[in-house]
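**Student:** Return a 3D structure for these sequence lines:
(chains A, B, C and D)
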There are 4 protein chains.
Amino acid sequence: MLFVPKDPDFERRVRDSFARQRFMSTLGARLTSVAPGEAEIELGFDDALTQQHGFLHAGVVTSAIDSACGYAALSLMPVGAAVLSVEFKVNLMAPAKGLRFRAIGRVVRAGRTLSVCTGELRASSGEGETVIAVMQATMMTVEQRPGISD
Amino acid sequence: MLFVPKDPDFERRVRDSFARQRFMSTLGARLTSVAPGEAEIELGFDDALTQQHGFLHAGVVTSAIDSACGYAALSLMPVGAAVLSVEFKVNLMAPAKGLRFRAIGRVVRAGRTLSVCTGELRASSGEGETVIAVMQATMMTVEQRPGISD
Amino acid sequence: MLFVPKDPDFERRVRDSFARQRFMSTLGARLTSVAPGEAEIELGFDDALTQQHGFLHAGVVTSAIDSACGYAALSLMPVGAAVLSVEFKVNLMAPAKGLRFRAIGRVVRAGRTLSVCTGELRASSGEGETVIAVMQATMMTVEQRPGISD
Amino acid sequence: MLFVPKDPDFERRVRDSFARQRFMSTLGARLTSVAPGEAEIELGFDDALTQQHGFLHAGVVTSAIDSACGYAALSLMPVGAAVLSVEFKVNLMAPAKGLRFRAIGRVVRAGRTLSVCTGELRASSGEGETVIAVMQATMMTVEQRPGISD
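**Tutor:** Numbering: from 1, shown residues only, chains lettered A, B, ... in the order given. This is a model prediction of the structure:
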């Protein structure tokens, strides 16, 4: 889908906001690309992020895709608006095994108040990528709420 | 709902599995109670877990409720089985502000292969608790899969 | 949860709106009770509503719970507002077998713009009820949109 | 995605099963195409299917996409297996206005027990189509359960 951003400076705004997400740094995640209606986040495998079987915890998988979807939505929001996750649903299709993980978020519909996004997490260990999780999410444009800005 | 656990030693099994979830320790989360079909996890506020507005990241909220739901489901599974999250959906009803957070997971239906759970996260800052997120989740009983046990 | 309705005439408004839902009449569904933040819809088994194995179609199950959740939310909305379903998620825990079905929708959080509801469908054949599906839904308060009122 | 069906006669099997869904006929829905991992269902606008504002009821939208996803999944299942909806989540992105509606279901991952699908509903009134709803669904392969076959 082709989107025209309302804020020409959208990439800097998304990158600044991502830099303020302390939890992304705790996960060792980096924002690797931003485009109108799309964002991509990468992270590497780390023992500190595992569940009981040694795979990436479902919550880590979700965190990365949620942030990618949120920033995909923010990239299309007007200057001064902030993004909040309203809700999301994740299907964990395969154990999160791998060395590198790439979360991709894309806007499906950008509304005035609500945006709908889809996202996925891809795992790789060298040769090719596997989609291990898919998300469907609703993001909210928040305007003029004290203490909430992006 | 009243459930009869198939494994009389369910609490030890759940606690051992939780102790192997390295990510829970990264979040500073503790398993505070386990009962047949129910589990509770607590964590405190920590700057390292925040999103861009200074609230707990939606992924942290989700991680805690997912683990609570997963262990609620595991508490009813037969000896030797492992639990995997199939999918979940979270509604984030209010910003995750507070000093302490309590995630509660409960089994709604325990099937042979799939269990359905509901969960919530409650925030507190001293006086009373607020439910800030609710989850509906599907958990899978995994048996005789090499490398996957709880 | 205890809610105070903004519109003292909420029950009449919910009942009038339900009566305009032509699809509820196609399903043979009746609105059996309305309270602040809660609504209940009943329908009977009918061959015309079945899927390929002779159970009630998942879409029928969903339709009844969605309407119950929507009217639970509408019962708390201000005069002149309308309700729209933003999204919902349903777990179908058992085949929809039975003679009578009862869908119950309850508001978990009533926000200015968005309300979060949970719902369920119970089946009965005489002796007791079984919960066969659970829903988690987001409803929107729509105000001053031409052609949309309840 | 490219899928190889386990049952070479998958299309006949899907069409026979669809023909037994009495509810699809109540909705005036037709199965317009079946391919490995994909199915498409069409229906026209009908006053009998509306909610209170005169749009197609969210439950009708869901019913069509759920069936499309279910048959997309069934197209890849082995001979003798049946499909059941485990759960789904729908985002209703715009009012279901239009003369014709097209539900498309696609398999994202076909597992031995569980399949993950995405689906959408497109509305048209002559000039072009609009995606008005998206679904993410989990379908189950049911084998050797008495009374359940497709």
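**Student:** Just the helices from chain A, written as ranges.
**Tutor:** A:10-20, A:22-26, A:58-74 (DSSP state H).
**Student:** Please name every helix or strand in contact with the shortest one.
**Tutor:** By that I understand helix A:22-26. Other helices and strands packing on helix A:22-26, by 3 or more CB pairs under 8 Å, 6 or more residues apart in numbering or on different chains; DSSP states H and E, are helix A:58-74. Every residue, glycine included, has its C-beta placed from N, CA and C.
**Student:** how about the helix it packs on, does it reach chain B?
**Tutor:** Yes. Helix A:58-74 reaches chain B (CB under 8 Å from any CB of the partner chain) through A:58-60, A:62-64, A:66-67.
**Student:** picking up where we left off before, most tightly surrounded among the helices of chain A?
**Tutor:** Mean neighbours per residue, mean count of other CB atoms under 10 Å in any protein chain shown, is largest over these for helix A:58-74, with a mean of 29.
**Student:** Take it, keep the C-alpha atoms, and write them as CSV.
**Tutor:** Below are the C-alpha coordinates for helix A:58-74, written out as CSV (Å, rounded to 0.1, in the frame of the first residue of the first chain):
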residue,chain,number,x,y,z
ALA,A,58,6.8,-15.0,23.3
GLY,A,59,6.7,-11.7,25.1
VAL,A,60,10.0,-10.7,23.4
VAL,A,61,8.6,-11.7,20.0
THR,A,62,5.5,-9.6,20.8
SER,A,63,7.5,-6.6,22.0
ALA,A,64,9.4,-6.3,18.8
ILE,A,65,6.4,-6.7,16.5
ASP,A,66,4.3,-4.3,18.7
SER,A,67,7.0,-1.6,18.4
ALA,A,68,7.4,-2.2,14.7
CYS,A,69,3.6,-1.8,14.2
GLY,A,70,3.4,1.2,16.5
TYR,A,71,6.2,3.0,14.6
ALA,A,72,4.6,2.0,11.3
ALA,A,73,1.5,3.8,12.5
LEU,A,74,3.3,6.8,13.9
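**Student:** counting contacts, what elements does it pack onto?
**Tutor:** For helix A:58-74, the helices and strands in contact under the criterion 3+ CB pairs under 8 Å, 6+ apart are helix A:10-20, helix A:22-26, strand A:38-44, strand A:82-92, strand A:100-110, strand A:114-124, strand A:129-142, helix B:58-74.
**Student:** Reformat these into TSV and put mean pLDDT next to each item.
**Tutor:** Listed next are these as TSV, based on pLDDT from 0 to 100:
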stretch	mean pLDDT
helix A:10-20	97
helix A:22-26	98
strand A:38-44	98
strand A:82-92	97
strand A:100-110	98
strand A:114-124	98
strand A:129-142	97
helix B:58-74	98
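**Student:** neighbours around the nearest residue to A:Val4 once chain neighbours are set aside, how many?
**Tutor:** Spatial nearest neighbour of A:Val4, chain neighbours left out: A:Pro36 (6.7 Å); criterion: CB to CB, 6 or more residues apart in numbering or on different chains. Residues lying near A:Pro36 (other CB atoms under 10 Å in any protein chain shown) number 18.
**Student:** just A:Gly28 next, same as before
**Tutor:** Around A:Gly28 there are 13 residues (other CB under 10 Å).
**Student:** Roughly how far does it sit from C:Arg112?
**Tutor:** To C:Arg112, A:Gly28 is 38 Å away according to CB to CB, to the nearest Å.
**Student:** Tell me the pLDDT of A:Pro146.
**Tutor:** Per-residue pLDDT puts A:Pro146 at 80.
**Student:** That one and chain C, how far apart?
**Tutor:** Distance of A:Pro146 to chain C, computed by CB to the nearest CB, to the nearest Å: 15 Å.
**Student:** just to revisit the earlier point, output the helices of chain A in JSON lines; the columns should cover distance to C:Gly44.
**Tutor:** Converted to JSON lines, those look like this (distance: least, CB to CB, whole Å):
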{"stretch": "helix A:10-20", "distance to C:Gly44": "52"}
{"stretch": "helix A:22-26", "distance to C:Gly44": "50"}
{"stretch": "helix A:58-74", "distance to C:Gly44": "40"}
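**Student:** And these: which comes nearest B:Glu129?
**Tutor:** Closest approach to B:Glu129 among these (CB to CB): helix A:58-74, 21.3 Å.
**Student:** So which of the helices and strands packed on helix A:58-74 is nearest B:Arg102?
**Tutor:** Comparison of the helices and strands packed on helix A:58-74 against B:Arg102 by CB to CB identifies helix B:58-74 as nearest, at 8.6 Å.
**Student:** need the contact list for the residue lying closest to A:Gly59 once chain neighbours are set aside.
**Tutor:** In this structure, A:Gly59 finds its nearest non-sequential neighbour in B:Ser63, 2.5 Å apart by CB to CB, 6+ apart. By CB atoms under 8 Å, 6 or more residues apart in numbering or on different chains, the contact set of B:Ser63 is A:57-60, A:62-63, B:23-24, B:27, B:29.
**Student:** Kindly report the same for A:Arg20.
**Tutor:** Residues in contact with A:Arg20 (CB under 8 Å, 6+ apart) are B:Gln52.
**Student:** Also A:Ala96?
**Tutor:** Contacts of A:Ala96 by CB under 8 Å, 6+ apart are A:55-58, A:60-61, A:121, A:123, A:132-133.
**Student:** measure the spatially most central residue of chain A to chain D for me?
**Tutor:** A centroid search over chain A (CA atoms, centre = their mean) returns A:Ala68, at 1.3 Å, as the residue closest to the centre. The gap separating A:Ala68 from chain D is 16 Å, by CB to the nearest CB.
**Student:** before we move on, what about A:Phe88?
**Tutor:** Note on A:Phe88: its distance to chain D, by CB to the nearest CB, is 9 Å.
**Student:** Next: A:Pro8.
**Tutor:** Counting by CB to the nearest CB, the gap from A:Pro8 to chain D is 26 Å.
**Student:** how about the residues of chain A that lie near chain B?
**Tutor:** A:17-18, A:20-26, A:47-53, A:57-60, A:62-64, A:66-67, A:82, A:84-92, A:95, A:147-150.
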